[in-house]
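> With the sequence up front, the predicted model follows.
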Amino acid sequence: MTAFANLATTREIIVCCGTGGVGKTTTAAVLAIEAARRGRRAVVVTIDPAKRLADALGLDALSDEPKLIDQQTWNIFDRDPARSGLAQGTLSALMLDTKSTFDKLVHEHAPDEPAADRILDNRFYRNISGALGGTQEYMAMEKLHELHTSGEFDLIVIDTPPSRHALDFLDAPERLMRLLDNRMFRLLMMPTKTYLKLAGAALQALLRTVSRVVGREVVDDAIAFFQAFEGMEQGFRDRAAKVQELIDDPATAFVLVTTPRRDAVDEATYFAQRLESNGLQVAGLIVNRIHPEFGSESPESLRALAHGNAAILNLADFREIAIRERETLETLTARIPSDAVGYVPLLDEDVHNIATLATVATHLF
Ligand SMILES: Nc1ncnc2c1ncn2[C@@H]1O[C@H](COP(=O)(O)OP(=O)(O)O)[C@@H](O)[C@H]1O
Ligand SMILES: [Mg+2]
C-alpha cells in the first residue's frame, strides 16, 4: 500500500496545503474518492471558488452542507480492473461558507435564540465575523470540528484556501483565547452601568476619540456586541481548545501539494516549516504536474548524437526540463521520507471530470 493509500485508509482528517493552482482541490477529491473506494465514509470540504470540484463530481453546485455523491459518478474508478474489487463506502462533498459557519457557531453557543439574533443582527458582528475567529482558515477548522463530531464520516479531506495565510488556523485558537483574555474586551463585556462606572477617565476619553473617528454608532454596536457575547465566552473558549486538539490529533494528517516550479516549491517549504514549528508533521508531499524523466541520458549527450534529428533534440529539451524540475524539488523532498512523496505527471488535459481524477489516482495509489 502506498503512503497515500495508507493515509486514505487510516486517517480521520487530511488537510491539503499548498499555494494556489498546484492541485489541492484535485488531490483532496482524489484522496476522498480513494477512501470511499476502500469502504470508508468520506467527505471532501472544498473552498474552491471556481466550483471545479462540483463540476467534476457532476453536481450543479456544492452547498454548505455535505451532499452525498451518487456512487455511479465515482464508481468509474473501478473500471480499472487492477483496482476493482474493493469494498465501497460513501462520498460526500461540501463547499465551505465562512459566514454561515460562524453564524452557526453563534447559534450554538448563545443562551437563547433572541441572544443569537442580537449578535447576528449586530452591525459590528457583521463586519468582524470574518476576522474575529481568525479568518476563513479558522472557519475551515470549525467546519472540520463540526463534521468530525457529527460522527457521520470516517474521513474528512479539506482543501485549504490558496493563500500564505492558509495555515493561520494553526494559531487561530490561541488568537481567539488571547482576544477573550484582553482587558479592553473584558471591560466591554461588562453590563453597561458597571462598565461606565468602572471605565476610567482614560478609557472614556479613548472611547470618545474612537467615537469621533469611527462614529458613535460603531462604538455602540461594538459595545452591544460584546455584551451580547456575554455567556457565550466559555463556549467559544472550549471550542477553540477542541479545535486545537483536533489539529494536534495524530489522526489528522497534513499533505503538502506542490508543482515543480520554484515559487510553488518555496511556498511548500514555507508550509513545511510552519507545520514543523507548530510541532506538526508533514504526512505526505504530492508533486503535481511533473514531467517524466524521459530516460537517463544527459541533454548534452543526446544533442551530441542527434545530428539534427528533431525528435532527439526534442527529447534533449525534455530531459533538461525533467532534470531542472528535480533539482528545484531537491531540498524540499529531502525533508520528507521518500515513501511519503507522490508524483503526478502533467496531464495533457485539465482535471475536470472523474476520468481524469481517476488518472491522477493511479499515480498516487
Ligand atoms: N496533473 C495535472 N495535469 C494537468 N492539469 C492539472 C493537473 N492537476 C491539476 N490540474 C489542473 O490545474 C488547475 C489547478 O488545479 P486545482 O486542483 O484546482 O488547484 P488548487 O486547488 O491548488 O488551486 C485545474 O485546472 C486542474 O484541472
Ligand atoms: Mg482549489
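That came through, no problem. Ligands and ions are numbered 1, 2, ... in the order given.
> Contacts only, for the residue in the stretch 1-150 of the chain that ligand 2 sits nearest to.
The nearest approach of the stretch 1-150 of the chain to ligand 2 comes at Thr25, 3.3 Å away (C-beta to the ion). To be clear about C-beta, it is placed using only N, CA and C from the backbone, and glycine gets the same treatment. Contact partners of Thr25, counting by C-beta atoms under 8 Å, 6 or more residues apart in numbering, are Thr46, Asp48, Arg52, Leu53, Asp159.
> and if you look at Asp70?
Gly58.
> Which pLDDT value belongs to it?
Note for Asp70: predicted pLDDT of 89.
> when you give positions from now on, start the count at 53
Okay, residue one is now 53; in that scheme the one you just asked about reads as Asp122.
> Give me the phi and psi for it.
Backbone torsions for Asp122, taken as degrees, to the nearest 10, come to phi -50, psi 130.
> if I look at it, how far off is Phe205?
17 Å (C-beta to C-beta, to the nearest Å).
> same thing with Thr380?
From Thr380 to Phe205 the distance is 36 Å (C-beta to C-beta).
> who in the stretch 253-402 of the chain is up against ligand 1?
Proximity of the stretch 253-402 of the chain to ligand 1, by C-beta under 6 Å from any ligand atom, involves residues Asn340, Arg341, Val396, Leu398, Leu399, Asp402.
> does the first one count as helix, strand or coil?
It refers to Asn340. Per DSSP: H, G, I helix; E, B strand; the rest coil, the local secondary structure of Asn340 is strand.
> and it, bridged to which residues?
Val396 (DSSP bridges).
> how deep is it tucked in, by neighbour count?
Residues near Asn340, counting by other C-beta atoms under 10 Å, number 26.
> on that earlier part again, so which of the contacts of Thr77 belong to strands?
Thr98, Asp211 (DSSP state E).
> As JSON lines, the contacts of Thr77 with neighbour count, pLDDT and distance to ligand 2 would be great.
Formatted as JSON lines, the contacts of Thr77 follow (neighbours: other C-beta atoms under 10 Å; pLDDT from 0 to 100; distance: C-beta to the ion, whole Å):
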{"residue": "Thr98", "neighbour count": "26", "pLDDT": "85", "distance to ligand 2": "7"}
{"residue": "Asp100", "neighbour count": "20", "pLDDT": "66", "distance to ligand 2": "4"}
{"residue": "Arg104", "neighbour count": "16", "pLDDT": "74", "distance to ligand 2": "7"}
{"residue": "Leu105", "neighbour count": "25", "pLDDT": "77", "distance to ligand 2": "8"}
{"residue": "Asp211", "neighbour count": "29", "pLDDT": "85", "distance to ligand 2": "5"}
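> Select, from the contacts of Thr77, the two members most distant in space.
Arg104 and Asp211 (10.6 Å; C-beta to C-beta).
> where are the low-confidence patches of the chain?
100-102, 129-139, 150-151, 175-191, 213-259, 261-263, 265-271, 273-285 (pLDDT under 70).
> quick one: furthest residue from the center of it?
What lies farthest from the middle of the chain is His359; by C-alpha atoms, centre = their mean that is 50.7 Å.
> Out of the residues of the stretch 253-402 of the chain next to ligand 1, the closest to ligand 2 would be?
Taking those together and measuring to ligand 2 by C-beta to the ion, the closest member is Asn340, at 11.9 Å.
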